[in-house]
Structure formats: C-alpha cells, structure tokens
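Undergrad: Model the following, please.
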Amino acid sequence: MGRAAVYIDGANLFFTQRHLGWQIDFSRLMAFFMARYASVKANYYVPASETVSEENAAFTRVLSAHGYRITSKTVKKIVNKETGEIVMKGNLDVELVVDALCRAEEYDTFILFSGDSDFLPLLRALKEMGKEVLVYSTQGLSARELLSEPGVAFFDLSILRDRFEQFRSGEGVRSQGAPAESDQEFSARMPDVGEHFTGTVLKIKPYGIFLSNPYHAKCLLPLSFLGVSKYIRDLTEIARMSDVFEVVVYHVNTSRDIAEITVKLADKRMADELSSRIIG
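TA: Predicted coordinates for the structure are as follows:
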C-alpha cells in the first residue's frame with residue numbers, strides 16, 4: 001500500500017454533484033482511500049464568497065475535522081469596461097497544480113477529482129515522474145481528452161454512488177449494492193469506552209495526533225495518552241504521517257455537531273518507537 005494524495009477541484013466537483021443528483025460524503029470518501037493506501041493526504045480547492053454562510057462554514061469544519069487541507073480564495077468581480085458585464089473569477093487551478101508538483105515527493109499515487117482538461121499537462125508531468133495517476137469525475141461532464149489519455153485511470157462517480165453518497169439524517173446505508181465490510185465504511189454508531197481500533201494519521205499538532213476512525217468522528221490521541229515517559233516538547237518533531245496507531249477509546253463526546261473521540265495508545269511497541277525518536 002503506497003502513499004496517495006487526493007486533489008479536489010471543488011468548483012468542478014460542485015457541478016458534477018449537481019449533474020449526478022446526489023452529494024458526496026467526504027468522510028466516506030476519505031475512508032474509501034484510507035482502506036486502499038498506507039497514507040492519504042487530501043486537498044480541497046474552492047473559491048470563497050466575501051460573506052461566508054453558516055452552511056459553508058459548517059462544511060469547512062467537517063472537511064477540516066476529517067483531515068482535508070482547504071485552499072480557498074475570494075471570488076473577484078471583474079467589470080468589462082466595454083460592455084459593463086460583471087464576470088466572477090475564482091479559479092484555483094494554478095494553486096492546485098503548483099501544490100501537486102511541489103509536494104510530489106510526498107505521494108506515489110495522484111488522485112484528481114475534476115473533469116477539466118486544463119489539468120492534462122499536470123497529469124502528464126506526474127506520469128513522467130513515475131506517479132500513478134487516477135481521475136474521478138463523470139463521463140457526462142469530463143473532457144474527452146481526460147477519458148482517452150494513455151496511462152490515466154478514469155473512474156466514473158456515477159457508478160460509485162454506494163461508496164460515496166451522503167445520507168440524510170435517519171437514513172441507513174443503501175442496501176442494494178452496498179459495499180462489503182472490507183471497504184471499512186464509517187459506522188453509524190459511536191464506539192464504547194474501552195473499544196479498540198487502528199487509525200492512520202490525519203493531522204499532527206504539538207499537543208496530539210488526529211486519527212482516522214470508523215465512526216465519522218473527530219478523533220484525538222493526546223500527547224499525554226501516548227504512554228511515553230520521556231519529555232516531549234513538540235509532538236510534530238517525532239510523530240510521522242506514515243505512523244499507524246492501535247488505540248483504545250477513553251472518552252466519547254456526542255454533544256458537538258461533529259462527535260469527538262479521545263483515545264489512548266494501546267500499542268507498547270509504538271510507544272517505544274516514539275520514545276526512540278526523542279533527541280536529548
């Protein structure tokens with residue numbers, strides 16, 4: 001299992017979802033790729049309005065809680081001096097391309113969510129660098145150049161509804177064509193205190209590590225629960241994005257918009273490994 005980087009063209013994906021008639025659950029999307037790669041870094045690029053609605057703010061919080069790095073810039077209003085027409089400009093294609101190339105050493109597989117042919121030069125450059133290149137969109141809105149590009153694996157979102165669809169409150173998982181248990185989909189329930197699971201790293205902070213989990217929750221492994229006797233000044237200096245943690249649930253908080261889980265490290269070998277990385 002290699003390292004994957006997911007790059008999402010938010011504006012393009014918005015129209016793709018409207019075309020498909022259903023919304024993507026980005027926590028399920030993250031879980032889908034984490035079940036297939038040793039590490040996943042997800043990046044979401046989206047234009048932003050000057051006034052941020054509560055709905056958009058909540059969406060941003062959900063993305064951040066599940067490990068997505070969000071890049072946005074304010075949409076500009078450009079007036080055509082000859083016609084007086086107002087044109088809205090908020091394209092982040094350049095930012096996405098620059099980030100993908102600058103961070104190319106961090107991944108083995110590049111996964112693009114967009115049907116825009118403007119990204120073809122990027123895909124070709126990454127293939128020349130030896131990267132595996134995957135594109136997720138739908139044939140109805142994807143450029144023919146993307147569909148026919150040699151060496152690029154295209155996945156049509158229209159046949160992946162059972163993997164990625166966002167369910168409304170009260171709905172269960174779709175029974176027809178539902179993914180197998182091995183796909184590690186998010187569970188509708190919260191874990192019990194004392195329950196064990198294994199999580200990969202989503203984000204490292206000086207005070208703790210945020211982990212992937214099968215409960216659609218924000219999961220924190222605090223520095224104080226690592227079982228390391230040596231003094232740790234800054235956890236970002238010793239923890240790595242490639243680390244995998246076996247943890248036990250210590251506390252569950254369901255009073256927030258996004259449920260929160262606090263866990264303790266249950267793997268002594270990992271505690272010893274972290275101790276060995278401490279200098280001084």
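
Undergrad: Give me the residues contacting the helix or strand in which T16 is found.
TA: Assigned by DSSP states H and E, T16 falls within helix 10-20. Contacts to helix 10-20, defined as CB atoms under 8 Å, 6 or more residues apart in numbering, come from residues 23-24, 44-47, 90-92, 113-116, 137-138, 140-141, 157-158, 161. C-beta: built from backbone N, CA, C; applies to glycine.

Undergrad: Among the residues you listed, name the buried ones.
TA: 24, 44-47, 90-92, 113-116, 137-138, 141, 157 (16 or more other CB atoms under 10 Å).

Undergrad: Specify the beta-bridge partners of the residue nearest the centre of the chain.
TA: Nearest to the mean C-alpha position of the chain, counting by CA atoms, centre = their mean, stands A42 at 3.6 Å. Each beta-bridge partner of A42 is listed here, defined by DSSP bridges: V6, Y68.

Undergrad: Correct me if wrong: it contacts Y68.
TA: Yes. Counting by CB atoms under 8 Å, A42 does reach Y68; the two are 4.7 Å apart.

Undergrad: Overlap in contacts, the two.
TA: By CB under 8 Å, 6+ apart, the residues touching both A42 and Y68 are 8, 30.

Undergrad: Could you tell me the model confidence score at I86?
TA: Per-residue confidence (pLDDT) for I86: 51.

Undergrad: How about E185?
TA: 40.

Undergrad: Could you do F167 as well?
TA: Listed pLDDT for F167 reads 66.

Undergrad: Over to G194?
TA: Predicted confidence (pLDDT) for G194: 93.

Undergrad: ok, it touching V252?
TA: No. Judged on CB under 8 Å, G194 makes no contact with V252 at a distance of 10.7 Å.

Undergrad: Same drill for the two, tell me which one is more crowded.
TA: Each of G194 and V252 has its neighbours counted (other CB atoms under 10 Å); V252 has more, 17 against 8.

Undergrad: secondary structure element for the more buried one?
TA: strand 244-253.

Undergrad: so after that strand, what's the next helix or strand?
TA: With elements assigned by DSSP H and E, the helix or strand that comes after strand 244-253 is strand 260-265.

Undergrad: any idea of the mean pLDDT in whatever helix or strand comes next after that next one?
TA: Of the helices and strands lying after strand 260-265 in sequence (DSSP H and E), the nearest is helix 268-276. Across helix 268-276, pLDDT averages out at 90.

Undergrad: Send me helix 268-276 as PDB with only the CA atoms.
TA: The C-alpha trace of helix 268-276 is given here as PDB (Å, rounded to 0.1, in the frame of the first residue of the first chain):
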ATOM      1  CA  LYS A 268       3.500  -0.500  23.600                       C
ATOM      2  CA  ARG A 269       5.800  -1.100  20.500                       C
ATOM      3  CA  MET A 270       4.600   2.200  19.000                       C
ATOM      4  CA  ALA A 271       5.200   4.000  22.400                       C
ATOM      5  CA  ASP A 272       8.700   2.600  22.400                       C
ATOM      6  CA  GLU A 273       9.200   3.700  18.700                       C
ATOM      7  CA  LEU A 274       8.100   7.300  19.600                       C
ATOM      8  CA  SER A 275      10.500   7.300  22.600                       C
ATOM      9  CA  SER A 276      13.300   6.300  20.300                       C
END
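
Undergrad: what comes into contact with stretch 261-274?
TA: 190-191, 196, 199, 211, 213, 215, 217-222, 225-228, 232, 238-239, 243-253.

Undergrad: residues contacting Y207?
TA: Y207 is in contact with 222-223, 235, counting by CB under 8 Å, 6+ apart.

Undergrad: Dihedrals phi and psi, it?
TA: phi -100, psi -10 (degrees, to the nearest 10).

Undergrad: what's the burial count for Q139?
TA: Q139: 14 neighbours (other CB under 10 Å).

Undergrad: which one is it nearest to, not counting chain neighbours?
TA: Once flanking residues are discounted, Q139 sits nearest to D156: 5.7 Å by CB to CB, 6 or more residues apart in numbering.
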